[in-house]
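Chemist: no FASTA, just this:
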């Protein structure tokens with residue numbers, strides 16, 4: 001039977017300081033969970049999502065945007081609170097964690113720090129102290145998220161290309177609070193009725209949570225020069241992406257190769273440029289990164305399902321798409337992955353001058 005989530009459906013207003021914070025409370029003692037949850041709801045104004053084990057906590061994090069995790073050090077069954085803290089901090093580095101323990105010794109408090117805990121509080125919890133710490137950490141996390149806001153651009157030749165290649169990756173970006181734009185350069189009219197494909201083109205990005213931009217270059221005749229480069233540059237100047245996803249050049253489709261070459265010119269000042277796989281990629285496609293998209297494949301499948309005019313295409317079979325993500329996951333020892341070729345991956349400060357120059361219409365030579 002699925003575990004209940006007390007308080008998870010309570011969407012009443014918080015303390016009025018922005019959107020109501022969400023706190024994941026990991027506690028296997030129902031009495032302690034009830035008490036701590038009450039403090040968080042009434043003194044912090046938080047929406048509390050309960051989990052009684054490390055396994056359930058990780059599942060909650062995969063499908064819930066959380067501002068703070070509060071965990072006991074001793075959890076049954078599964079990993080203890082410190083192991084959970086280390087795992088969470090590795091996967092969600094901006095998420096603060098408060099560790100609670102009934103063993104309120106100095107030595108025990110020191111042990112929590114290497115695990116990545118933001119704060120250690122002894123039990124029984126002082127409600128005022130928990131309220132003060134939780135409020136400060138939530139505000140700190142929101143400031144850091146805002147400061148590290150990332151603009152992401154996925155460029156594709158046809159409707160459904162980006163969804164097939166990086167649909168789950170884009171959904172993950174959205175969950176992380178990043179602004180995602182999907183630029184599609186043609187209507188894919190060679191693959192179906194234009195009106196149907198245009199409708200699908202608008203519907204699929206909405207499922208992912210992305211903004212979409214559509215241009216009308218001729219399907220199967222996209223060029224790699226003057227007609228295509230300025231189109232991409234216009235969007236780059238507008239959204240100033242830190243990350244770009246692009247077709248690979250190792251592809252049998254002429255439009256994909258053309259968009260790759262035009263894209264490399266148009267995004268020359270972007271710090272991170274990665275190329276995704278398409279069904280027409282050749283065996284020369286050599287991914288160097290396997291992006292963990294565990295928990296986001298369902299969103300990818302839902303976005304692909306929007307492309308109803310392409311149902312007959314062999315590569316749109318949802319079972320095959322899921323199996324492909326499972327296959328690539330083996331290279332990272334994870335459940336699901338999307339493979340990416342790395343063109344460039346620079347720390348953002350290194351490339352800031354290039355981005356500014358490109359935004360002002362200047363040519364950057366490398």
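Modeler: That came through, no problem. Everything quoted here is computed from the prediction, not taken from an experiment. Residues are numbered from 1 along each chain as shown.
Chemist: alpha carbons only for contacts and neighbour counts from here, please
Modeler: Noted.
Chemist: which residues touch the helix or strand hosting residue 99?
Modeler: Using DSSP states H and E, residue 99 sits within strand 97-101. Under the criterion CA atoms under 8 Å, 6 or more residues apart in numbering, residues 68-74, 81-82, 85, 112, 116-123, 125, 134 lie in contact with strand 97-101.
Chemist: ok, which stretches of the stretch 51-200 of the chain are strands?
Modeler: 68-72, 97-101, 119-122, 151-156, 179-186 (DSSP state E, counting those that start in this stretch).
Chemist: sorry, slip of the keys, the one I care about is the stretch 251-366 of the chain.
Modeler: 272-276, 289-292, 337-345.
Chemist: nearest residue to the spatially most central residue of the chain other than its sequence neighbours?
Modeler: For the chain, residue 172 is the residue whose C-alpha lies nearest the centre (CA atoms, centre = their mean; 2.1 Å). Leaving aside its sequence neighbours, residue 172 sits nearest to residue 296 (CA to CA, 6 or more residues apart in numbering; 6.4 Å).
Chemist: hmm, residue 171 and the one you found touching each other?
Modeler: Yes - counting by CA atoms under 8 Å, residue 296 touches residue 171, with 6.5 Å between them.
Chemist: which one of these two has more residues nearby?
Modeler: residue 171 (26 against 21; other CA atoms under 10 Å).
Chemist: so of the strands of the stretch 51-200 of the chain, which one's packed in deepest?
Modeler: The highest mean neighbour count among those, using mean count of other CA atoms under 10 Å, belongs to strand 68-72: a mean of 27.
Chemist: in the stretch 201-350 of the chain, where is pLDDT below threshold?
Modeler: By pLDDT under 70, the weakly predicted segments of the stretch 201-350 of the chain are 348-350.
Chemist: from residue 329, how far off is residue 32?
Modeler: Using CA to CA, to the nearest Å, residue 32 is found at 38 Å from residue 329.
Chemist: so for those two, which sits in the more crowded spot?
Modeler: Using other CA under 10 Å, the more surrounded residue of residue 32 and residue 329 is residue 329, with 21 against 15.
Chemist: which of the residues in stretch 232-247 are buried?
Modeler: For stretch 232-247, the neighbour count (16 or more other CA atoms under 10 Å) marks 232-233, 235-237, 240-247 as buried.
Chemist: what's the answer for stretch 245-264, then?
Modeler: 245-251, 253-264.
Chemist: okay if I get the strands of the stretch 51-200 of the chain as a markdown table plus distance to residue 206 and mean pLDDT?
Modeler: Output for the strands of the stretch 51-200 of the chain, formatted as a markdown table (distance: least, CA to CA, whole Å; pLDDT from 0 to 100):
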| stretch | distance to residue 206 | mean pLDDT |
| --- | --- | --- |
| strand 68-72 | 27 | 94 |
| strand 97-101 | 32 | 90 |
| strand 119-122 | 38 | 89 |
| strand 151-156 | 14 | 97 |
| strand 179-186 | 10 | 96 |
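Chemist: pipe the ones you listed into TSV and attach distance to residue 48 per row.
Modeler: Below are those laid out as TSV (distance: least, CA to CA, whole Å):
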stretch	distance to residue 48
strand 68-72	10
strand 97-101	14
strand 119-122	18
strand 151-156	30
strand 179-186	26
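Chemist: what about residue 320, how many residues nearby?
Modeler: 12.
Chemist: residue 335 versus that one, what's the distance?
Modeler: 15 Å.
Chemist: before we move on, what about residue 247?
Modeler: Taking CA to CA, one finds residue 247 at 24 Å from residue 335.
Chemist: so where do the helices sit in this protein?
Modeler: Here the chain has its helices, by DSSP state H, at 30-39, 54-63, 81-91, 106-112, 127-147, 161-175, 194-208, 229-239, 254-266, 297-305, 318-329, 348-359.
Chemist: any idea which of the ones you listed is most buried?
Modeler: Most buried among the helices of the chain, given mean count of other CA under 10 Å as the contact rule, is helix 161-175, at a mean of 24.
Chemist: got the contact list for that helix?
Modeler: 65, 152, 154-156, 179-180, 182, 204, 208-210, 245, 276-278, 291-293, 296-300, 303-304, 321, 338.
Chemist: kindly recompute the last result at 6 Å.
Modeler: 156, 208, 276-278, 293, 296-297, 300 (CA atoms under 6 Å, 6 or more residues apart in numbering).
Chemist: and it with strand 151-156, angle?
Modeler: Orientation check (axes from the mean of the first three to the mean of the last three CA atoms, to 10 degrees): helix 161-175 against strand 151-156 gives 170 degrees.
Chemist: quick one, helix 161-175 and helix 318-329 angle?
Modeler: Using the same axes, to 10 degrees: helix 161-175 against helix 318-329 is 60 degrees.
Chemist: got the angle between helix 161-175 and helix 254-266?
Modeler: Using the same axes, to 10 degrees, helix 161-175 lies at 40 degrees relative to helix 254-266.
Chemist: next one: helix 161-175 to chain centre, how far?
Modeler: Offset of helix 161-175 from its chain centre (CA atoms, centre = their mean, to the nearest Å): 8 Å.
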